[in-house]
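**Student:** Okay, sequence plus prediction incoming.
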Amino acid sequence: MSVIGSSETNSSPDTMIPDDDIFDVLANQRRRYVLHALKREREQTDLGSLAEQIAAWENGISIAEVTGNQRKRVYTALQQSHLPKMDSVGLVEFNKNRGIIEPSPALAEVDIYIDVVRGNEIPWSEYYLGLTAVCGALVAAVWAGAYPFALISEFSWMVFMVIAFGFSSVAHIYYSNKSQIGQSAMPKEAARMEE
């Protein structure tokens, strides 16, 4: 799994969060689940509801099936460790006395996506490297006049390469948008556990 976080360049200095702090928060699955829930809802939530949702995602069950022990385990970890850390970084505003969590203005300006790579899949970076190598080999074969590549015009090969990179880019954008934290009903990691 590769995790990528980036803050937008037009962020004001008071809402900028250093990348190291974002990566530190993202290093823990429960914290990623908190971010997913808050980015999806875009409003404050209470600690009890958040703990139930995260317990459901972690156990691959519905909220109604979450046991008291599962909820309590998540609730305690969120209250004592995860939410104070996220609050100190500036991604959330956590009122420990009231048990209220809300997304900070900085969280709205941070785009976070997780590229979950399954067993036989390759990361996009390796895919583009392979596509570039194939296109480079085609250019060399056409340039050298190798059979059967010389039978097709150079312009046709260029059009093929542009189309290959274009379709790949569209697919990449589609899958990246689906992988952004807060864009789907459940985090991609939780959905993957259900498969």
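**Tutor:** Now that the structure is in, tell me what you want to look at. Numbers count the residues shown, from 1 in each chain.
**Student:** Assess the claim that residue 157 and residue 143 are in contact.
**Tutor:** No - using Cβ atoms under 8 Å, residue 157 is not in contact with residue 143; the gap is 10.0 Å. Just so you know, the C-beta spots here come from the backbone N, C-alpha and C atoms, and that holds for glycine as well.
**Student:** And the biggest helix by length in the chain, what does it pack against?
**Tutor:** In the chain, assigned by DSSP state H, the helix with the most residues is helix 154-178. The contact analysis (3 or more Cβ pairs under 8 Å, 6 or more residues apart in numbering; DSSP states H and E) places helix 154-178 against helix 124-144.
**Student:** how about the helix it packs on: buried residues?
**Tutor:** Within helix 124-144, the residues scored as buried using 16 or more other Cβ atoms under 10 Å are 124, 135, 138, 142.
**Student:** Need the contact partners of that helix.
**Tutor:** For helix 124-144, contacts defined as Cβ atoms under 8 Å, 6 or more residues apart in numbering pick out 115, 122, 149-150, 152, 154, 157, 160-161, 164-165, 168, 172, 175-176.
**Student:** How far does that helix sit from its chain's centre?
**Tutor:** Chain-centre distance of helix 124-144: 28 Å, with Cα atoms, centre = their mean, to the nearest Å.
**Student:** Now do it and helix 154-178, the angle between them.
**Tutor:** With axes from the mean of the first three to the mean of the last three Cα atoms, to 10 degrees defining the directions, helix 124-144 sits at 180 degrees from helix 154-178.
**Student:** same question for helix 124-144, mean pLDDT?
**Tutor:** If you average the pLDDT over helix 124-144, you get 91.
**Student:** Identify the farthest-apart pair in the contacts of helix 124-144.
**Tutor:** 115 and 150 (39.0 Å; Cβ to Cβ).
**Student:** Comparing those two, which residue is more hemmed in?
**Tutor:** Taking other Cβ atoms under 10 Å, residue 115 and residue 150 do not tie; residue 115 has more neighbours (17 against 13).
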